[in-house]
Every structure is written in C-alpha cells, then in structure tokens.
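In: whatever this is, show me its structure:
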Amino acid sequence: MAASIAYAGGHLQYGVNICMGQSYKQAIWVPSVTFNGCLQRELSWSCGVSKFLQIHKCNLFRSRTNENWKSFGTVITSAYLRDGSTKYFDFAVIGSGVAGLRNALEVAKHGSVAIITKAEPHESNTNYAQGGVSAVLCPSDSVESHMQDTIVAGAYLCDEETVKVVCTEGPDRIRELIAMGASFDHGDDGNLHLAREGGHSHHRIVHAADMTGREIERALLEAVVNDPNISVFKHHFAIDLLTSQDGSDTVCHGIDALNTETQEVVRFISKVTLLASGGAGHIYPSTTNPLVATGDGMAMAHRAQAVISNMEFVQFHPTALADEGLPIKPKKTRENSFLITEAVRGDGGILYNLSMERFMPLYDERAELAPRDVVARSIDDQLKKRNEKYVLLDISHKPREKILSHFPNIANECLQHGLDITQQPIPVVPAAHYMCGGVRAGLQGETNVHGLYVAGEVACTGLHGANRLASNSLLEALVFAQRAVQPSINHMKSSSLDLSASSLWPCPLVPKSLGSDVMHKILRITKEVRKELQSIMWKYVGIVRSTSRLQEAEQKISKLEAKWETYLFEHGWQQTMVALEACEMRNLFCCAKLVVSSALARHESRGLHYMIDFPHLEESKRLPTVIFPSSHTTGTWSTRQLHQQPVVKSMV
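Out: From the prediction side, this is the model:
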C-alpha cells in the first residue's frame, strides 16, 4: 500500500527510487530535491513536477515508438477500426465536464480527439455546479485580492505560483466562454451580474441564476457536437490506463474502457491522454456529486504510478438539502444530495438551529460568509450538541422577486416538496462535495507519467490548498484545461505510435462465463459493500476526525475489501475481469484508502482536515501530503492494474 509522505514545497526528494515502486511507512522530509543527479533547490509545488518532467523528456518518445506512423488520422479508418475493439486517436480525453470539453475543443484544432464519458455527456459535476465561477471582472476588484482570498480559504497551504496563474488567467477564460455562447446573468447596467460567496472579499462570481454549470456545459457540448475532429463515446466506463515502463519512466499509451451498453471492452490508443474525470464524492453516503463520481480517475492514476497529493482534504458542502426536514418527503432516496448553493448565504441567507437561534456568529466573526470548512464544522457541532438532524437556512427576509430570479432551480425543487423558500427556511445538512486533493499536476497539467495530463477535480494543482474557495473549481478547470493544451500538442507532434501497440496488453474480460446467477450475487454483495464502505467513511473519516478513529477506519476498510475480494474470486472472478459495479467498487476502495492514509499522515488541523487530538495549526507541518505508488506486485485488486505493465523496447 502506498504511504503518505509530506514534503516542504521544493524539498521533496522526487527521484526515480522514490516514485517508481517503493513503499514508505512514515512521513519523510529531505533537505533538497534530486532529479537524476541534478540538485534542484527552492522549487515551488508546481515547479517541482514541471522540472522533473523537463529533465526526463529528452525526446523520449521518438526513441521508443515506431517512426513510420507520423499521422494516423487517415490510416486508421481503413485498417484498424474494423473490429471496433481498438480505436486510435491523437488525443484521448476522459470525462465530459468543463475541463474535458474545453481541452478537447482546443486540441481538436491539431488532431483527432476521443471524449470518453461514463454516462451521458452532460452527466458531470460541472452540470451540478450551481453557484458560478469566480474571476476578477470588476474595476474595484484585483487579482491580488482574489489570490489573498484563495490562500486564506486554503489555510495557507496553496501554492502561490499556481494561485497567481489561475487568478490572472481566469478572466480571459470567462470571456472565451461568453464568446462561445455561454449566457451569464447581467445587471440593470448591462454589465455581468457578479455575486459574492463565502470567503470572497468582493463580488466576483459570474453566474447563470443558480444553474451556472449547466449553462457552461450546454455551450461547450454544443461546440463539441459541431466539431468534426471530436468523437464522443458515451456510456464508456474507463477501466485502467494503458501504461508501460521504459527504464524508470512510466508512459501512458491510452485507456481501456467498457461500453456499458454493449458490454464490450474498447481499447483507445492515444498519443496524449487527459484525465478530467471528476471527483470521488461517492466514497461517502451523502454527496452532492452525481452517481458517476466514484473516483475512477484518481484510482486509475494511482494504479498507473502517478503521484497523488492532499487527499485528506475532502470538502463537505455546508448546505445540502435535508430531505428529512421537507414537508413532503421525496418518494425515494436520492442518488445524490440536492445542493443549496453557497450564493444563498452570499445573498444574505442566515443559518439557524431548530430553535431558530442564529449560531454562526458564535463560531466565526464572518458568520455565514465564513469559508466552507468553518461553516460545515459549525453545523456539525450544532447537530451533535443538540442531537438534531439538520439546521435551517433562511433567505425569506429578502424580496420574493429577487429570491426567485437568483435561485429558480432551488425554489422549484423545494416547492415540489411543499416548501416555499420565499416564506420558509430551507432544511440543510453538510454533504461530501469536492476533493481538494487528487493527481499531482504541474503548471501545465502534466503528471509524472509521460503522456498523461490532468485537469479539473481529479487534479491536485496546489490551487485549493487545505480548502477550496467557493466557485474556484470551475475556474481551475477552465484554466488548467487551457494550460494543458500546448504541451499536449507538443507531445503529440513529437510522438508516434506503433500500430501493434494494442497487442501489448491482454484484453480485460467481461464475466459472461460466470453466468447470470453468480453475477446477480456478486452485484448484490457489491451493493451492500458499497453502502458499508460509505458508512465507515462518514462515521470515522468525516468532518471531525481523530487518530484512533482513522486507524479504526483503516482496519475496517481493509477487512471489508479483503472480504469482498475473497467473495468475488471464490465465485470465479478473475484478476482481469471487468463489470461496471465491481470496477467502481475497487475505485471507491482505492480512493477511500488514499483519503485515510493522507489523513493519518497529517498531525495537525488545517482547513478541511480537523483532528480532535491535533486541534491546532502547526507551521512546521504546512506541507502538502504526497502519496507515492506502491509496487506493482503487491496490494489488493483496487490498487493493481488489471495487467502487468509491459516494457517497451526502444527503437533507435
């Protein structure tokens, strides 16, 4: 199992001997950074990955691939798509949220693109983002102010260089969306209406009522559909990255996916792969994320030897709709919690306990406008002290017309359950919302795996630190989707792929041979195990944590995973078999263990990570948490790739 290693900015020993297959049992700090014998001093978070990759590139792909395939845009149609099982593209994009779509539209100007998405293209966290996207678009605002708000909210764990890049480039990314047809709300003066949310010192949230993500998704999908260089493969579940080892380097060659409608495995061979697969909200029982958010990208990247960082920082949104408090209860349990946007508090919404006592001023002088980690912990404290199941968020003191124009989606949802938000308070409770950690990325979205880039929630860029500032998620996704474009193009142009590459890896097996009765049993057990894992995570790895409870979670998860895997393999399951529910389950196990490992490595309370036995900030521990990959030959099914990584023979 991978170990968590904290490091001091540029003081991470990021050499081959660490990141390629060795396990570590404790946190290690080293005085300098060594890259293949080159000593690098005073590297920032973002620069660390970039420097590492720059040193290792060295025309690597020219030496390892077949030069006779310069461009496969015309070759593949006649020769290599007949059976439909292998498809060749210049670029493979995993995920159809804002990061994936925006990147695809840019790289499509230079080659063929496959967008591989788990469900329908619009089913992403982007589509559920209500509040908006933050950017400095008002003369009275400044990049410096946005940076400061981001760093304060992130409990000073943010990488300053990354924060500066995102806050500086953000306004241009918004203007590009508008030019593409995204329609945002405007004020009476004709200018963009800029809202304010918790943690922000200025009005800088661009929004489309309370359905901003949906509007951005609409505009991007429309452009994607009209782009002849982009092919969208919906209902294709990404199973594992296809990687090889070239000496000490891990190289990504594409991805295997399961067509969940035909139950066929499709292999995508690509020169460049972008992971934009979203977060892992469903490691918890209550989350605002759609069902597709099962941590697939993070788990795949971890199995493929990518470095993971800051997984302990799980953001619980303070205000998800508490169905128990609605006059008319939903007829069936929701697949995901209904989000009550941060903007409700930004517009003057007040939090009360069930005795109608306002409580936020007792916890923070910023009251309802405090950052999310503070508000979520405050609500959690109220619920535990008072033994209640939800609190109330009241916006009814505002003019009815303003409420309905700003929050039509929320108003409509509540009205369907007998609650008029213009007259009554909204019952709310915290729910898992956003992963601040993920696959560690440099300033251009690059990872330590050659040919693999990341953007969006799956990535850990250093922007969010220990707590994401409201509405910075769509902003980060837009900025890094764009920043990954040029290096992806450069990589694509300098790379060639061997037409026989697909045969390097065994094909995953669809378990038809097991029979319907066995599969029914496996699916039933898997569903039960999923609920049990979620229960463990909420009980032991929730908003407030302790070392003993984290250790208990670690043990319980390990036993549960072993029990589940034993059941599978005793019933004829094989290492290379794939089914949607089983593969999601192994990804959930993988991400849950990454969160627990990271949480155990941080002996302080910072941002979203609150430890009752380490209740204070420790300046000496103001370090990102880093998880290095473990050996290929050890670990459980959730942490091993389906097939052993082949070694690519260099062709000089």
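In: show me the shaky parts of the protein.
Out: 1-84, 121-131, 210, 497-499, 630-634, 644-652 (pLDDT under 70).
In: domain map for it?
Out: The domain map for the chain lists 86-313+436-503, 317-432, 516-577+579-620, with the assignment taken from the TED database.
In: quick check: buried residues in stretch 172-185?
Out: The neighbour-count check on stretch 172-185 (16 or more other Cβ atoms under 10 Å) flags Arg173, Ile174, Leu177, Ala182, Phe184, Asp185 as buried. For every residue, glycine as well, the C-beta is placed using N, CA and C.
In: for those, give me a markdown table that also has distance to Asp227 and secondary structure.
Out: Formatted as a markdown table, those follow (distance: Cβ to Cβ, whole Å; DSSP: H, G, I helix; E, B strand; the rest coil):
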| residue | distance to Asp227 | secondary structure |
| --- | --- | --- |
| Arg173 | 19 | helix |
| Ile174 | 21 | helix |
| Leu177 | 16 | helix |
| Ala182 | 16 | coil |
| Phe184 | 23 | coil |
| Asp185 | 28 | coil |
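In: among those, which one lies nearest to Glu604?
Out: For the buried residues of stretch 172-185, the residue nearest Glu604 by Cβ to Cβ is Arg173; the value is 34.0 Å.
In: how close does the closest one get to Phe184?
Out: Distance, Arg173 to Phe184, by Cβ to Cβ, to the nearest Å: 13 Å.
In: using PDB, list the CA coordinates for stretch 359-372.
Out: This file holds the C-alpha atoms of stretch 359-372, laid out as PDB (Å, rounded to 0.1, in the frame of the first residue of the first chain):
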ATOM      1  CA  PHE A 359     -25.400  30.300  15.600                       C
ATOM      2  CA  MET A 360     -22.700  31.200  13.000                       C
ATOM      3  CA  PRO A 361     -21.500  34.400  14.900                       C
ATOM      4  CA  LEU A 362     -20.700  32.100  17.800                       C
ATOM      5  CA  TYR A 363     -18.100  30.300  15.700                       C
ATOM      6  CA  ASP A 364     -16.600  32.900  13.300                       C
ATOM      7  CA  GLU A 365     -16.800  36.700  13.000                       C
ATOM      8  CA  ARG A 366     -17.500  36.300   9.300                       C
ATOM      9  CA  ALA A 367     -20.700  34.400  10.300                       C
ATOM     10  CA  GLU A 368     -22.500  32.900   7.300                       C
ATOM     11  CA  LEU A 369     -19.800  34.200   4.900                       C
ATOM     12  CA  ALA A 370     -17.000  32.200   6.500                       C
ATOM     13  CA  PRO A 371     -15.300  29.600   4.300                       C
ATOM     14  CA  ARG A 372     -17.000  26.300   3.800                       C
END
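In: pretty sure Gly325 sits against Pro427.
Out: Yes: counting by Cβ atoms under 8 Å, Gly325 touches Pro427, with 2.5 Å between them.
In: more neighbours: these two, which one.
Out: Pro427 (24 against 20; other Cβ atoms under 10 Å).
In: just checking, the more buried one is part of a strand?
Out: Yes: in this structure, Pro427 lies within a strand as judged by DSSP: H, G, I helix; E, B strand; the rest coil.
In: so it versus His491, what's the distance?
Out: From Pro427 to His491 the distance is 50 Å (Cβ to Cβ).
In: before we move on, what about Ser231?
Out: Taking Cβ to Cβ, one finds Ser231 at 20 Å from His491.
In: most packed of the domains of the chain?
Out: Among those, domain 86-313+436-503 has the highest mean neighbour count (mean count of other Cβ atoms under 10 Å), at a mean of 23.
In: what's the one helix or strand Val439 maps to packed up against?
Out: Per DSSP states H and E, Val439 falls inside strand 438-440. On a contact count with 3 or more Cβ pairs under 8 Å, 6 or more residues apart in numbering; DSSP states H and E, strand 438-440 meets helix 296-303, strand 308-309, strand 459-460.
In: quickly run through the sheet partners of the second one, with directions.
Out: This means strand 308-309. According to DSSP bridges, strand 308-309 has the following sheet partners: strand 438-440 (antiparallel), strand 625-627 (antiparallel).
In: need those strands in CSV with distance to Asn226, can you?
Out: CSV is the format used below for the strands paired with strand 308-309 (distance: least, Cβ to Cβ, whole Å):
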stretch, distance to Asn226
strand 438-440, 30
strand 625-627, 40
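In: out of these, nearest to His417?
Out: Nearest of these (Cβ to Cβ): strand 438-440, 34.3 Å.
In: need the contact partners of the closest one.
Out: Residues outside strand 438-440 that contact it (Cβ atoms under 8 Å, 6 or more residues apart in numbering) are 49, 275, 279, 297-298, 301-302, 306-311, 447-448, 454, 457-460, 626.
In: could you identify the helix or strand that succeeds it?
Out: Tracing the chain C-terminally past strand 438-440 and defining elements by DSSP H and E, one meets strand 452-454 next.
In: now do that next one: distance to the chain's middle.
Out: 13 Å (Cα atoms, centre = their mean, to the nearest Å).
In: packing partners for that strand?
Out: Strand 452-454 packs on strand 264-275, helix 296-303, going by 3+ Cβ pairs under 8 Å, 6+ apart.
In: same thing but at 10 Å, please
Out: strand 86-94, helix 98-107, strand 249-259, strand 264-275, helix 296-303, strand 438-440, helix 473-483, helix 485-493 (3 or more Cβ pairs under 10 Å, 6 or more residues apart in numbering; DSSP states H and E).
In: these: which one's closest to Met356?
Out: Nearest of the helices and strands packed on strand 452-454 (Cβ to Cβ): helix 473-483, 32.6 Å.
In: where exactly do the helices run in the stretch 501-650 of the chain?
Out: Along the stretch 501-650 of the chain, counting by DSSP state H, counting those that start in this stretch, helices occupy 516-540, 547-570, 580-601.
In: closest one to Asn191 among the ones you listed?
Out: Of all the helices of the stretch 501-650 of the chain, helix 580-601 comes closest under Cβ to Cβ, at 41.6 Å.
In: and the closest one with strand 249-259, angle?
Out: On the basis of axes from the mean of the first three to the mean of the last three Cα atoms, to 10 degrees, helix 580-601 is oriented at 140 degrees to strand 249-259.
In: related to what we said a few turns ago, overlap in contacts of Arg173 and Phe184?
Out: Val133 (Cβ atoms under 10 Å, 6 or more residues apart in numbering).
In: so Ile239 makes contact with Ala304?
Out: No: using Cβ atoms under 10 Å, Ile239 is not in contact with Ala304, being 11.6 Å away.
In: check contacts around Lys512.
Out: Contacts of Lys512 (Cβ under 10 Å, 6+ apart): Gln263, Met519, Met577.
In: over to Arg606?
Out: 154-157, 312-313, 373, 465-467, 614, 616-618, 621-623.
In: try it again with 6 Å
Out: The contact partners of Arg606, taken as Cβ atoms under 6 Å, 6 or more residues apart in numbering, are Ala155, Ala466, Leu617.
In: likewise Asn310?
Out: Counting by Cβ under 6 Å, 6+ apart, Asn310 touches Cys436, Gly437, Cys460, Pro624, Thr625.
In: closest to Arg530 out of these?
Out: For the contacts of Asn310, the nearest to Arg530 is Gly437 (21.4 Å; Cβ to Cβ).
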